[in-house]
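# Let's see this in three dimensions:
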Amino acid sequence: MDEIESVVAGTGIREFGFVDDDFLGKGPKSKERAAIIAEEIIDRKLGITFSIEIRADEVDQEMLRRLKEAGLTRVLLGIESGVQRQLDTYNNI
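Okay, the predicted model is just below:
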């Protein structure tokens, strides 16, 4: 958060993308990290907007609500096919 705060102060940029193909991740540590990020953005009154990438099986409505309060504006949702033939086709592209 220190780096984001520095960028905002030094450049005025207020839109960020967290480039992490699994922002919410599996397990309590990943969710804890997401909660800490949201709280820091709110507590520091950074006034930023940001996007995240998550997997479809990790959608957590309460966490997304909190992240939205912090400035979340876009969620890139990873969706995979449940059909093995399609997965094999994608693998060969």
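# For stretch 85-93, give the mean pLDDT please.
Averaging pLDDT along stretch 85-93 gives 78.
# For it, which residues meet the burial criterion?
Judged by neighbour count using 16 or more other Cβ atoms under 10 Å, stretch 85-93 contains no buried positions. (C-beta placed from N, C-alpha, C; glycine too.)
# so how far is it from its chain's centroid?
Between the centre of stretch 85-93 and the centre of its host chain there is 27 Å, according to Cα atoms, centre = their mean, to the nearest Å.
# hmm, who's touching it?
Stretch 85-93 has contacts (Cβ atoms under 8 Å, 6 or more residues apart in numbering) with Glu80, Ser81.
# Recalculate using a threshold of 6 Å.
Ser81 (Cβ atoms under 6 Å, 6 or more residues apart in numbering).
# Once you drop chain neighbours, what's closest to Glu40?
Closest residue to Glu40 apart from its sequence neighbours, by Cβ to Cβ, 6 or more residues apart in numbering: Met1 at 4.2 Å.
# cool, Glu58 as well?
The shortest distance from Glu58 to any non-neighbouring residue, by Cβ to Cβ, 6+ apart, is to Leu24 (4.6 Å).
# Stretch 69-82 spans what distance, first to last residue?
Terminal residues of stretch 69-82 lie 33 Å apart, using Cα to Cα, to the nearest Å.
# Would you mind listing the buried residues in that stretch?
Ala70, Gly71, Leu72.
# so what's the last one bridging to?
For Leu72, the beta-bridge partners are Phe50 (DSSP bridges).
# coming back round to it: report how many residues lie close to the residue nearest to Glu40.
13 (other Cβ atoms under 10 Å).
# Then Ile4?
Neighbour tally, Ile4, other Cβ under 10 Å: 19.
# secondary structure element for it?
helix 2-11 (DSSP states H and E).
# What lies in contact with that helix?
Ile13, Leu46.
# Check which element follows it along the chain.
With DSSP H and E, the next secondary element past helix 2-11 is strand 15-17.
# what's the burial count for Val59?
12.
# do Leu46 as well
With other Cβ under 10 Å as criterion, Leu46 counts 20.
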